[in-house]
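>>> Got a sequence here, can you build the structure:
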Amino acid sequence: MRPKQTNLLQGTLDLLVLKALGPGELHGLGISRRIEQITQGTFLVKPGSLFPALHRMEEAGWLSSFWGESENSRRAKFYQLTKAGKGQLEVEKEQWMRIAVAMTKALRAT
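A predicted model of the protein is given here:
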């Protein structure tokens, strides 16, 4: 049984993209699939959300891209983390860990 899908919270897409690209380069569909995999199906990122985010993150210097061939022999744009992107991943992970701890405390409070 698949977990219930959840809408992405404001600010989570960048973190998920950065995390998905941590192990190495992926094309857009690969990033979307990786996010679905690492969230165990909780988040499905649609192209209308993903590609503007990739473009914005590339402009911010967090990602670099190049054209290559996908696994089905189609031309695809591949993305990879830059040094700045790796640093941003650490910053965002720390922020979200603090948020998760605070939300857990708030939800457990009586």
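>>> Can you show me the helices along the protein?
For the chain, the helices defined by DSSP state H cover 12-21, 28-38, 47-59, 83-108.
>>> report the angle between the axes of the longest one and helix 12-21?
By that I understand helix 83-108. Orientation check (axes from the mean of the first three to the mean of the last three CA atoms, to 10 degrees): helix 83-108 against helix 12-21 gives 120 degrees.
>>> what's the average pLDDT for helix 83-108?
Averaged across helix 83-108, pLDDT comes to 95.
>>> mind showing which ranges of this structure have poor pLDDT?
By pLDDT under 70, the weakly predicted segments of the chain are 1-10.
>>> Recalculate using a threshold of 50.
Judged by pLDDT under 50, the chain has no weakly predicted residues.
>>> Return the most buried member of the helices of the chain.
Most buried of the helices of the chain, by mean neighbour count (mean count of other CB atoms under 10 Å): helix 12-21, with a mean of 21. Using the backbone N, CA and C atoms, a C-beta is placed for each residue, glycine as well.
>>> Residues touching that one, excluding its own?
Contacting residues not belonging to helix 12-21 are listed as 8, 26, 31, 34-35, 38-39, 43, 45, 49-50, 53-54, 57, 62-63, 79-81, 85, 88-89, 92-93, 96 [CB atoms under 8 Å, 6 or more residues apart in numbering].
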